[in-house]
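1. Quick one, what's the 3D model for this:
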Amino acid sequence: MSAVKAPTELLAEINKGDFKGNHVEAQEKNPLPSAEAIQEEKQHQEHMGSITGFRRTSLKRTQSQEKGCLPTQDVINQEKTEAELRDRIGNFNKEQLKHTTTTEKTVLPSPGDIQHEKVETELRERIGSFHKEDLHHTETTVKIVLPSSDDIQHEKVETELRERIGSFHMEDLHHTETTVKNVLPSSDDIGQEKQEAELKKSISDFNKDSLNKTSTQEKNPLPATDAIEAEKKENEFRSSIEGFPKEQLKPTETAEKIVLPTKEDIEAAKAGK
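-> Alright, predicted model coming up:
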């Protein structure tokens, strides 16, 4: 009986009758997945099916080209220098420049250039005032170069050879008989040729009617009954989830129940005091 006794403060609050309970908001829990989750699952399954059924042979061979190479430190420093230079040029104030006068300087030729020009001028004048009558008449002597001993010997040999060919008599030739040699094929060559001839003849004279008729049996491995039943249940479950109308759900109100002690419990507690 001592374990069933309530505290004195609780009994006092119960006797007063002004018990105050805290209000709790009910949160509706929907275990069904949302339309976005169903659509995402569909896309995932289609993607996995396309990956498993993908053929590598349909891919085209391509050459990899490396793009977007990072610049080196020198390029970065050069770009920074150019950017700073452009900023300085763009922000340059022309009023800071000092006015200067232009002085025209005429470069005089050196003594060597003057001497060279004088020589060229004199040479042109002498060529322009030259008279052909001042030339002396000379006689041209034609020199005949004699052949060497090797050239003479070579020419002699060619001359003798031509004379011998021109004075040659066909009657000096001996009569000979020509023998025609016909190489006969070996027994292996004859046997191979016979086999080829018989094979060609059998192919050309082949009768298609002698072929035996056969029936083609198409084998289509069907899935097992367990797999079909599992797939049916899965499809029905998915269709029930996709076609579930939320309007059929009834709104419910949460009622907070506070169990108060009965009169017997109160009297028993008072008697226990």
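2. In what element of secondary structure is Ala83 found?
-> helix 73-90 (DSSP states H and E).
3. Packing partners of that helix?
-> The contact analysis (3 or more C-beta pairs under 8 Å, 6 or more residues apart in numbering; DSSP states H and E) places helix 73-90 against no helix or strand. C-beta: built from backbone N, CA, C; applies to glycine.
4. So Thr216, which state does it fall into?
-> Secondary structure state of Thr216, per DSSP: H, G, I helix; E, B strand; the rest coil, is coil.
5. Name the next helix or strand downstream of the helix holding Ala83, please.
-> Later in the chain than helix 73-90, the nearest helix or strand by DSSP H and E is helix 111-128.
6. Can I get that following helix in PDB, CA atoms only?
-> What follows is helix 111-128, C-alpha atoms only, in PDB (Å, rounded to 0.1, in the frame of the first residue of the first chain):
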ATOM      1  CA  PRO A 111      85.500  61.200 -94.800                       C
ATOM      2  CA  GLY A 112      85.400  57.600 -95.900                       C
ATOM      3  CA  ASP A 113      81.900  58.000 -97.400                       C
ATOM      4  CA  ILE A 114      83.000  61.200 -99.200                       C
ATOM      5  CA  GLN A 115      86.000  59.400-100.700                       C
ATOM      6  CA  HIS A 116      84.000  56.400-101.800                       C
ATOM      7  CA  GLU A 117      81.400  58.600-103.500                       C
ATOM      8  CA  LYS A 118      84.300  60.500-105.300                       C
ATOM      9  CA  VAL A 119      85.700  57.200-106.700                       C
ATOM     10  CA  GLU A 120      82.300  56.100-107.900                       C
ATOM     11  CA  THR A 121      81.700  59.400-109.600                       C
ATOM     12  CA  GLU A 122      85.100  59.300-111.400                       C
ATOM     13  CA  LEU A 123      84.600  55.800-112.500                       C
ATOM     14  CA  ARG A 124      81.200  56.600-114.000                       C
ATOM     15  CA  GLU A 125      82.600  59.600-115.900                       C
ATOM     16  CA  ARG A 126      85.500  57.500-117.300                       C
ATOM     17  CA  ILE A 127      83.100  54.800-118.500                       C
ATOM     18  CA  GLY A 128      80.800  57.400-120.100                       C
END
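7. Now find how far off-centre that helix is within its chain.
-> Offset of helix 111-128 from its chain centre (C-alpha atoms, centre = their mean, to the nearest Å): 72 Å.
8. any idea of the mean pLDDT in it?
-> Averaging pLDDT along helix 111-128 yields 90.
9. ok, residues contacting it?
-> Here helix 111-128 makes contact (C-beta atoms under 8 Å, 6 or more residues apart in numbering) with Pro109.
10. Which SSE is immediately downstream of it?
-> helix 149-166.
11. For that next one, name the packing helices and strands.
-> Partner elements for helix 149-166 (3+ C-beta pairs under 8 Å, 6+ apart): none found.
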